[in-house]
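**Student:** From the sequence below, what's the structure:
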Amino acid sequence: MSQNARINTDLFPKKFSGSEADVKIIDIWINRFSTAVSLNSIDGEKAIEIFRLWTEGLAAEWQNDMEAISDTTEWTLKDWLDKLKTKFVKKTDQKGNIFALLKLNKQEEEDIEAYNNRFRNGSEADVKIIDIWINRFSTAVSLNSIDGEKAIEIFRLWTEGLAAEWQNDMEAISDTTEWTLKDWLDKLKTKFVKKTDQKGNIFALLKLNKQEEEDIEAYNNRFRKYVSTIPSDMKTDGLIKKIYSDLLLHIDKDLWWSYSKLDEKSDLVKLMKVTSKVMDIKEQA
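**Tutor:** Numbers count the residues shown, from 1 in each chain. Predicted coordinates for the structure are as follows:
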């Protein structure tokens with residue numbers, strides 16, 4: 001990094017003071033601070049100077065004491081961060097879980113608006129759209145021509161709460177050095193989407209009614225997508241077509257009547273194409 005290059009301070013976490021609240025999230029703070037240094041292409045003495053500026057209170061006092069009583073001239077940023085943790089984290093505390101994530105503001109160097117919201121607590125709302133979030137995040141990374149380790153660093157910054165705790169835990173207990181961004185995104189989904197959520201069931205399918213704003217084609221797609229989540233040993237083609245027929249009766253009686261006249265040997269996709277066509281004709285009439 002050239003000396004005149006502007007440092008994007010928005011990427012850094014808040015300053016570390018050594019307070020109880022700070023110590024609870026020290027692993028996340030160190031991870032975020034290191035990532036921000038890397039994204040700004042800062043190294044050597046410059047990185048240590050930034051570290052000095054990013055301590056305050058008890059942490060700043062400790063840092064000054066260390067420089068006064070020890071030969072720190074050869075210390076790297078990693079040395080300083082390791083010693084910071086050793087100083088402020090009791091050994092019994094090091095065995096606990098990682099707590100809340102420090103929020104980071106948007107990065108100015110990339111079009112961060114494209115990344116949408118961060119993936120937060122693995123909440124029900126987050127998990128419902130996890131496929132959309134992963135798709136959009138991957139697209140934003142691609143549009144910004146980001147790859148390799150840089151892409152993973154952006155991913156670290158774009159997790160919060162329980163998702164950030166999980167990400168830190170994975171790096172602590174697994175060898176993640178060879179993981180690609182796709183590996184991380186796949187494992188994120190595996191972690192937060194419960195296996196029971198991934199499996200559909202016949203009882204829920206029976207209640208899969210058409211929504212008011214849906215056209216028949218959108219409903220058919222949603223129906224087929226849900227059917228694909230039901231384990232094969234819990235369904236038969238005949239049962240699925242019978243359920244679809246019963247649901248059509250509630251949607252539109254004319255549509256149901258047309259469907260009931262079709263060849264029973266036809267598969268569901270062909271039958272749905274016919275119902276879509278019939279509905280189009282009816283709506284245009």
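**Student:** Please save the CA atoms from the one helix or strand Asp27 maps to in PDB.
**Tutor:** Per DSSP states H and E: Asp27 is located in helix 26-39. Taking C-alpha atoms only, helix 26-39 is exported to PDB below (Å, rounded to 0.1, in the frame of the first residue of the first chain):
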ATOM      1  CA  ILE A  26     -12.300 -10.700  21.200                       C
ATOM      2  CA  ASP A  27     -12.000 -13.500  18.600                       C
ATOM      3  CA  ILE A  28     -14.400 -11.800  16.300                       C
ATOM      4  CA  TRP A  29     -12.800  -8.400  16.900                       C
ATOM      5  CA  ILE A  30      -9.300  -9.900  16.000                       C
ATOM      6  CA  ASN A  31     -10.800 -11.600  12.900                       C
ATOM      7  CA  ARG A  32     -12.500  -8.400  11.700                       C
ATOM      8  CA  PHE A  33      -9.500  -6.200  12.400                       C
ATOM      9  CA  SER A  34      -7.200  -8.600  10.600                       C
ATOM     10  CA  THR A  35      -9.600  -8.800   7.600                       C
ATOM     11  CA  ALA A  36      -9.900  -5.000   7.400                       C
ATOM     12  CA  VAL A  37      -6.100  -4.700   7.400                       C
ATOM     13  CA  SER A  38      -5.800  -7.200   4.600                       C
ATOM     14  CA  LEU A  39      -8.600  -5.600   2.500                       C
END
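**Student:** So for that helix, what gets flagged as buried?
**Tutor:** Of all the residues in helix 26-39, those buried under the rule 16 or more other CB atoms under 10 Å are 26-37, 39. (Glycine included, C-beta is placed from N, CA and C.)
**Student:** possible to save these as a markdown table with distance to Ile243?
**Tutor:** What follows is those, written out as a markdown table (distance: CB to CB, whole Å):
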| residue | distance to Ile243 |
| --- | --- |
| Ile26 | 54 |
| Asp27 | 49 |
| Ile28 | 47 |
| Trp29 | 53 |
| Ile30 | 54 |
| Asn31 | 49 |
| Arg32 | 49 |
| Phe33 | 55 |
| Ser34 | 54 |
| Thr35 | 50 |
| Ala36 | 53 |
| Val37 | 57 |
| Leu39 | 52 |
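**Student:** Just give me the neighbour total for Leu188.
**Tutor:** Residues near Leu188, counting by other CB atoms under 10 Å, number 22.
**Student:** where's it, which helix or strand?
**Tutor:** Element membership of Leu188, judged by DSSP H and E, is helix 181-192.
**Student:** which strands and helices sit next to that helix?
**Tutor:** Helices and strands touching helix 181-192, by 3 or more CB pairs under 8 Å, 6 or more residues apart in numbering; DSSP states H and E, are helix 130-143, helix 148-157, helix 161-173.
**Student:** Mind listing what's buried along the longest one?
**Tutor:** Of the residues in helix 130-143, those scored as buried under the neighbour-count criterion (16+ other CB under 10 Å) are 130, 133-134, 137, 140-141.
**Student:** okay, now the domains of the protein?
**Tutor:** 9-88, 126-192, 202-284 (the TED database).
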